[in-house]
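> build me a model from this:
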Amino acid sequence: MNTPVVDASWKEVYETRHAWAFQAYDDFLATLSEEVRQRLAHKKEEDEAFVVVFGKTQVGKTTLLMDLMGVSAQAMSRVSKVLRGGRRVGSSATATTMEYQRSPDERWGLRINRAMHWFEHDAEMTRALGRLRLAMEERRLQAKHPCAVQIPDDCFNLDGKQPLVRMLDLPGDKPANAVERAHVQEMANRYVRQADLILLVGRGDDLGFLKPGELTLPGIEDWQIVPDRFRIVTTYSFTAQSVRDLVREQKDAPLNAEVFRARLIEQIEKFGPLNAEARRLHRFFPLEFGQSWQDTQQKDQALHDRVSPMIHDLKKQLGDDIQASTTPMARLKSAVQAHEVVTRVKEARLAEMRRAHERLDEKLKQASKEHQQAEAVVRKENVALLARKKRLEAWSDTQLAKELDLHFVLTGTTTVSSPDKTVSGFRLMVNQARASLKDRVSQSRPCQEKESDAYGSFWRSLVVDAHEVEVRRLLDEAFGGFESHLRGYKNSIIFGLGKDMYFWTDDPDTDYQKDIRHFRRCLVDAERRLLEAVRRWWLDAAERKLAQVRSEYQGHRHDLAHWKSVEKKLKSKRDALEKECEASRKAQDAFAQRMDRELIESRRFKQLLNESYLAELRRKQEAFVQHTSPSRRLIELLGAVHVGEARRELTKVTGEEISPA
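Numbers count the residues shown, from 1 in each chain. Next up, the predicted model:
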């Protein structure tokens, strides 16, 4: 075998020394649900490594990237100005997902959808980035891949080295521009879940960016479930006076970074607790960099000199974490610990489901209460309506008139004094009769003998207007002729020129006896006239009352129909919530059972690694036997050795023992 062929064969064998482990990883991922898979890095051994930097607008993400890449302090202002693309300070500079790289020379470079453009001058690059943003906002550019910016080589520190990984600057998840929001969602779905490490960046004086509900992008919102994939970086970390006071309290040099990390966690937890894994100190980096830190140097040299060494060490640790996260073995580590991910997913999801169920249960209780109240109203209204209906059926116009005809009489009797043998006595008797009849009219009520029955209740509820004028007219009609007759005696010769005394005899045909009979006929006529009138008045009042009751009955029917409709809707709402609560309970049970099964499956990765490792060794052994070329057999033998070394490397990184060679 010639040398080029040997070299190519050896390169292939060496570069695929981890293939068996990634094959086991792929087989393992296939056994898990999407809910768990999406929280594990979907990486193959040959996939390009990259880190995502994510945070709100104007927190210093791009400056952090420049600093981590080694852009010099002197060039930071120049680079930042160009990258703004002509936008004013205070506006978002990142138009799309951007990848930053070190240019091979002193030119600016911009790659858009794989097309590379080079620029000699800062102004040219500024205009190009401005056009890029405008094209994104106007939907004229569909960026299916991150745009790459090449930063001139002379902007870097002399000892600066370009990172060995892609570093992506993702715009904040809540940009004001709707086009940007849609773009951020698309890029997050495509790249965040494939990232080897994600830096969550926020201001040290605005830590609310980590509180529940603030992070909404897929793969980021539940960062505490897989905290190994995240680092929390704060900018402007030493702006607050309380932090500067803490620096001064740490009198022994050098400063202890753990103290400031612990304080950072304490401040973050004011917005919500972190779980035990998420709050590990090594995940937090309180940093300062860029122009604001240079300004601090001018204003407070002592503070700057005291804090800078600690910040330098923290940046170095962050750089080491970035490099370590992109190794093939680091990608497999999360799979080995997938049972922990399943447990956290289960706990987080079940907690969320329980909260949702509790909210549903409260809604159900309220809906049941409202339905019970509506049912009670319907029952009450129904009873009242039935009672009104029965009364209306009995209180017909004909029946009321019949009741009056049968039972209504003028109350009491007409009280008058016995007339003496004078005309004045008769006049007095007529006046007494008038007054007595008026009293009888005012005191008369229908159905007095039936006070306790429905009719008595009905009649008692009526109000009859006073008809004084008509009563006077009826009395005048009844007694008027008799009173005129009495006045005629005044000029009678029989009475002796107006004398008052009747001429008395026992003869029934005397004037006195005739007037007694005449008065009695008038009294009977007056009682008849008044009885007819009062019956008519009461019947009129009864008909008005009946019309009112009928109107009220119709109103109550309408109200009852309304409440029945309300009760029906509330019952439907309650029934729907009952079904939803039952579905929620079943969903919780099903999810818990599924997660329990996945927990069992997640612990099989070690077994899959063992099987894949042993299968790879058998393949190497078979290849060694099949090949006759000594050089090829040597390559296969060395390949087996490197597979064993990969196994030991994986054991070291994951802490899980793999089957021995």
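
> tell me the domain boundaries of the chain?
1-31+607-661, 46-327, 391-585 (automatic domain parsing).

> doesn't Phe260 make contact with Pro286?
Yes. In this structure Pro286 lies within contact range of Phe260 using CB atoms under 8 Å: 5.0 Å. C-beta: built from backbone N, CA, C; applies to glycine.

> and these two? which has more neighbours close in?
The residue with more neighbours, out of Pro286 and Phe260 and counting by other CB atoms under 10 Å, is Phe260; that gives 26 against 23.

> element containing that one, please.
Secondary structure from DSSP states H and E places Phe260 in helix 257-268.

> for the stretch 51-200 of the chain, just list every one of the strands.
98-102, 108-112, 115-119, 147-151, 166-170, 197-203 (DSSP state E, counting those that start in this stretch).

> what is the orientation angle of the fourth one with strand 166-170?
Translated: strand 147-151. Here strand 147-151 runs at an angle of 120 degrees relative to strand 166-170 (axes from the mean of the first three to the mean of the last three CA atoms, to 10 degrees).

> close enough to count as contact, Asp291 and Met76?
Asp isn't right for residue 291; it's Gln. Yes. A contact is recorded between Gln291 and Met76 when judged using CB under 8 Å, the distance being 6.7 Å.

> between the two, tell me which one has more neighbours.
It is Met76, of Gln291 and Met76, that has more neighbours when counted by other CB under 10 Å, with 19 against 13.

> now do the same contact list for that one.
Contacts were defined as CB atoms under 8 Å, 6 or more residues apart in numbering; by that measure Met76 touches 63, 66-67, 290-291.

> one more: Arg434?
475, 479 are the contacts of Arg434 under CB under 8 Å, 6+ apart.

> coming back round to it: redo the strands of the stretch 51-200 of the chain as JSON lines? Include distance to Gly481.
Shown next, in JSON lines, are those (distance: least, CB to CB, whole Å):
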{"stretch": "strand 98-102", "distance to Gly481": "120"}
{"stretch": "strand 108-112", "distance to Gly481": "122"}
{"stretch": "strand 115-119", "distance to Gly481": "126"}
{"stretch": "strand 147-151", "distance to Gly481": "121"}
{"stretch": "strand 166-170", "distance to Gly481": "115"}
{"stretch": "strand 197-203", "distance to Gly481": "111"}
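
> about what we covered before: of the contacts of Met76 - the most surrounded one?
Neighbour-wise, the contacts of Met76 (other CB under 10 Å) top out at Met66, 25 neighbours.

> how close does the nearest residue to it once chain neighbours are set aside sit to Thr57?
If you skip the residues right next to it in sequence, Met66 has Val79 as its closest partner in space, 5.7 Å away by CB to CB, 6 or more residues apart in numbering. Taken as CB to CB, to the nearest Å, the spacing of Val79 relative to Thr57 amounts to 18 Å.

> quick one: the helices in the stretch 51-200 of the chain, in order.
In chain order, the stretch 51-200 of the chain shows helices spanning 61-69, 73-83, 122-137, 178-191, with DSSP state H, counting those that start in this stretch as the criterion.

> quick one: the helices in the stretch 251-400 of the chain, in order.
For the stretch 251-400 of the chain, helices defined by DSSP H, counting those that start in this stretch occupy the ranges 257-268, 290-299, 301-325, 328-336, 338-394, 397-407.

> what's the mean pLDDT across the longest one?
Looking at helix 338-394 alone, the average pLDDT works out to 82.

> cool, and the third one?
The average of the pLDDT scores along helix 301-325 is 86.

> ok, and what's touching it?
The list of residues contacting helix 301-325 from outside it, by CB under 8 Å, 6+ apart, reads 49, 51, 67-68, 163-165, 196-197, 199, 229, 231, 233, 238, 244, 247, 253-255, 257, 260, 282, 285-289, 293, 296-297, 330.

> just the buried members of those?
49, 51, 67-68, 163, 165, 196-197, 199, 229, 231, 233, 238, 244, 247, 255, 257, 260, 285-289, 293, 296, 330 (16 or more other CB atoms under 10 Å).

> which one of the strands of the stretch 51-200 of the chain has the lowest average pLDDT?
Out of the strands of the stretch 51-200 of the chain, strand 166-170 stands lowest, with a mean of 80 (criterion: mean pLDDT).

> Val566 - that's part of a strand, no?
No. Counting by DSSP: H, G, I helix; E, B strand; the rest coil, Val566 falls outside a strand, being helix.

> pLDDT score for it?
Confidence per residue is given as pLDDT, and for Val566 that number is 89.

> contacts only, for the residue lying closest to it once chain neighbours are set aside.
Once its chain neighbours are removed from consideration, Val566 has its nearest residue in Ala374; the separation is 5.2 Å (CB to CB, 6+ apart). Residues in contact with Ala374 (CB under 8 Å, 6+ apart) are 563, 566-567, 570.

> with Arg427 instead?
When contacts are counted by CB under 8 Å, 6+ apart, Arg427 touches 483, 486.

> that one and Asp420, how far apart?
According to CB to CB, Arg427 stands 11 Å off from Asp420.

> check Ala376 too.
72 Å.

> quick one: which of these two has more around it?
With other CB under 10 Å as the criterion, Ala376 and Asp420 differ in neighbour count, and Asp420 comes out ahead with 15 against 12.

> on the three-state scheme, the more buried one is what?
Using three-state DSSP, the secondary structure recorded for Asp420 is coil.

> identify, out of the helices of the stretch 51-200 of the chain, the most deeply packed stretch.
A comparison of the helices of the stretch 51-200 of the chain by mean neighbour count, using mean count of other CB atoms under 10 Å, puts helix 61-69 on top with a mean of 23.

> angle of that one against strand 147-151?
Put simply, helix 61-69 runs at 50 degrees to strand 147-151, going by the same axes, to 10 degrees.

> and helix 61-69, how far from the chain's centre?
Centroid separation between helix 61-69 and its chain, computed with CA atoms, centre = their mean, to the nearest Å, is 37 Å.

> likewise stretch 609-618?
Stretch 609-618 has its C-alpha centroid displaced from the chain centroid by 51 Å (CA atoms, centre = their mean).

> same check, this time on stretch 367-382
Averaging C-alpha coordinates over stretch 367-382 and over its chain gives two centres that are 28 Å apart (CA atoms, centre = their mean).

> in that stretch, what counts as buried?
Within stretch 367-382, the residues that count as buried by 16+ other CB under 10 Å are 367-368, 370-371, 374, 377-378, 381.

> and those residues, which is closest to Arg391?
Closest to Arg391 out of the buried residues of stretch 367-382 is Glu381 (15.7 Å), distances taken as CB to CB.

> and the pLDDT at Trp563?
At Trp563 the predicted local confidence, pLDDT, stands at 86.

> from Glu552, how far off is it?
The span separating Trp563 from Glu552 equals 16 Å under the rule CB to CB.

> so those two - more neighbours on which side?
More neighbours sit around Trp563 than around the other of Trp563 and Glu552, counting by other CB under 10 Å; the figures are 19 against 13.

> ignoring the adjacent residues along the chain, who's closest to Arg585?
Arg585's closest residue in space is His357 (CB to CB, 6+ apart), at 6.9 Å.

> can you count the residues close to that neighbour?
Here the neighbour count serves as a burial measure; for His357 (other CB under 10 Å) it reads 19.

> so what's it up against?
Taking CB under 8 Å, 6+ apart as the criterion, His357 is in contact with 581, 584-585, 588.

> what would these look like in a markdown table with pLDDT and secondary structure?
Shown next, in a markdown table, are those (pLDDT from 0 to 100; DSSP: H, G, I helix; E, B strand; the rest coil):
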| residue | pLDDT | secondary structure |
| --- | --- | --- |
| Cys581 | 90 | helix |
| Ser584 | 88 | helix |
| Arg585 | 89 | helix |
| Gln588 | 85 | helix |
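
> filter the residues you listed down to the buried ones, ChimeraX style.
Command for ChimeraX, covering only those of the contacts of His357 found buried under the criterion 16+ other CB under 10 Å:
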select :584,588
